[in-house]
Each structure stands twice: as C-alpha cells, then as structure tokens.
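J.: Turn this into a model:
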Amino acid sequence: METALDIPTRLVKEVINGKKYYYKGYRSVLRGEKQFEAIRGSSELRSTLAAILAAYLGNQLNRTVYTMAIGTPGVCLDERNNFVSNIVIHRKADLTPDRDRTKYFSVAPLVAVEVDVRIEAEDEGSDDFSYMFGKSTRMIEGGTVAVVWVLSRIQSLVVFAPGTDGSIQPKVIPWTGSYDLPVGIHIRLAEWLEAEGESALLRP
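T.: This next block holds a predicted model:
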C-alpha cells in the first residue's frame, strides 16, 4: 500500500485535523490508469446542482451584509485544517479589507454548501459519513453555523448545525422539503430544479 510520503501533494484535496483526504480516484492516478485532470473535475450532475444552488441562493442573499463565493473556495483555519467547498457565505464584517485575496479564506464561513462527497482517505476503511461529520464539526468549531451537504444518491440534504445544547446532530431533509439557512435565505431544491427544467433529476 502506498504511504502518504509516496502520494504527490497535488492529489491532496483537503486536510482535516491533520488527516489528508485525496481526490476521489487518486489511486487510479498512482497506478497510471488515469491522468490527474480526469479525476479533478466534477460530473455534469454535480456541476448542475452546484450552479442552480449558487444562482438561487445568490438571488436571496443580502449582499450588504454577506458575501458568497462559489466554485471551490478554500478555507485555511490553520496548518492542520484546509477545506474546500462548493459554496461559502461569509459575513462581510468578519473579513478584513486588507486581507490577501490570492490565498484561501482564513475565516470560517457562516454557511458552507457541499454537493456530494468527492474524496478518498488513505485509510480505505474511512467512510463518507465520518468525513462529513469530521469536516462539518471542525468548521463549526471554527465559527460556521451550518454545513449543508446536498447528496444526489439519496436526494437529500444533510445539515450539520449546533443544537441549543451545543451538540452537533445531522438533520436529513429530502430535496422536496426545505431548509432555512441562518443568513435569511432558504433552500427549496426541488422547486428550483423544476423551475430550471431539471425535474428529471428528481427520481419518482
């Protein structure tokens, strides 16, 4: 089995509490079966979902108070924690005007939206939920108030947010439901898909 020392840095997608997570399919690159570019991109489904979410969330966002970044915005809390998300929303007041914009955000977003899980850990026994919980928990510890995972396989939102007692319990909401984000905007994914002519993505 390859060791972390054998794996090129470019294959590392995220670091959470010092643990490295790699692009999904990185072992195929190590074996010479695929080029890095073949695993780095997103599928049509994932890209479509991310674009619709960004468009509709952006239309609701109070841009005098908040700012939204899309694509693969990075967040670096410290040397042991580097994340990327599909959509992040920050409070403008939390971002210093003189920050270096050529680098990752150094402040955790208030809200992060993730579309599907596209990572692999070196430990083949590591599962998607452990990754989702670990990443969401570390972001919440850093100041994030909600991490929303949009999962196409089960057509559900899985929301991680601190409860009134401070504990983090995931909440599962079907795409046909809705979720109110704590920045004054709302996710109603099934309605948005239908409005965009993408109702075929909603399985009966």
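J.: Mind giving me the packing neighbours of the helix or strand of the chain with the lowest mean pLDDT?
T.: When the helices and strands of the chain are compared on mean pLDDT, DSSP states H and E, strand 119-121 comes out lowest with a mean of 90. Secondary-structure packing of strand 119-121 (3 or more C-beta pairs under 8 Å, 6 or more residues apart in numbering; DSSP states H and E): strand 19-23. Bear in mind the C-beta positions are built from the backbone N, C-alpha and C, glycine included.
J.: Run through who's touching the helix or strand that comes right after the strand it packs on.
T.: Following strand 19-23 in sequence order, the next helix or strand is helix 26-30 (DSSP states H and E). For helix 26-30, the external contacting residues (C-beta atoms under 8 Å, 6 or more residues apart in numbering) are 2, 6-7, 11, 23, 34-36, 38-39, 120.
J.: least confident pick among the residues you listed?
T.: For the contacts of helix 26-30, the weakest pLDDT value sits at Glu2, with 55.
J.: so the one residue sitting closest to the centre of the chain, which of the three states?
T.: The centroid of the chain falls nearest to Glu114 when counting by C-alpha atoms, centre = their mean (2.7 Å). Counting by DSSP: H, G, I helix; E, B strand; the rest coil, the backbone at Glu114 sits in strand.
J.: what's the nearest residue to it once chain neighbours are set aside in contact with, if anything?
T.: Among residues not flanking Glu114 along the chain, Trp149 sits closest, at 4.8 Å (C-beta to C-beta, 6 or more residues apart in numbering). Applying C-beta under 8 Å, 6+ apart to Trp149 gives the contacts 114-117, 132, 136, 157-160.
J.: Go again with 7 Å.
T.: For Trp149, the contacting residues are 114, 132, 157-158, by C-beta atoms under 7 Å, 6 or more residues apart in numbering.
J.: Tell me which two in the residues you listed are the farthest apart.
T.: Met132 and Leu157 (11.9 Å; C-beta to C-beta).
J.: so where do the strands sit in this structure?
T.: Assigned by DSSP state E, the strands in the chain fall at 12-16, 19-23, 66-70, 74-78, 81-84, 87-91, 111-115, 119-121, 146-151, 156-160, 171-174, 179-181, 185-187.
J.: now those in JSON lines, with distance to Pro204?
T.: Shown next, in JSON lines, are these (distance: least, C-beta to C-beta, whole Å):
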{"stretch": "strand 12-16", "distance to Pro204": "34"}
{"stretch": "strand 19-23", "distance to Pro204": "33"}
{"stretch": "strand 66-70", "distance to Pro204": "30"}
{"stretch": "strand 74-78", "distance to Pro204": "37"}
{"stretch": "strand 81-84", "distance to Pro204": "33"}
{"stretch": "strand 87-91", "distance to Pro204": "28"}
{"stretch": "strand 111-115", "distance to Pro204": "22"}
{"stretch": "strand 119-121", "distance to Pro204": "30"}
{"stretch": "strand 146-151", "distance to Pro204": "18"}
{"stretch": "strand 156-160", "distance to Pro204": "15"}
{"stretch": "strand 171-174", "distance to Pro204": "13"}
{"stretch": "strand 179-181", "distance to Pro204": "22"}
{"stretch": "strand 185-187", "distance to Pro204": "21"}
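J.: If anything else comes up later, I'll come back, but that's it for now.
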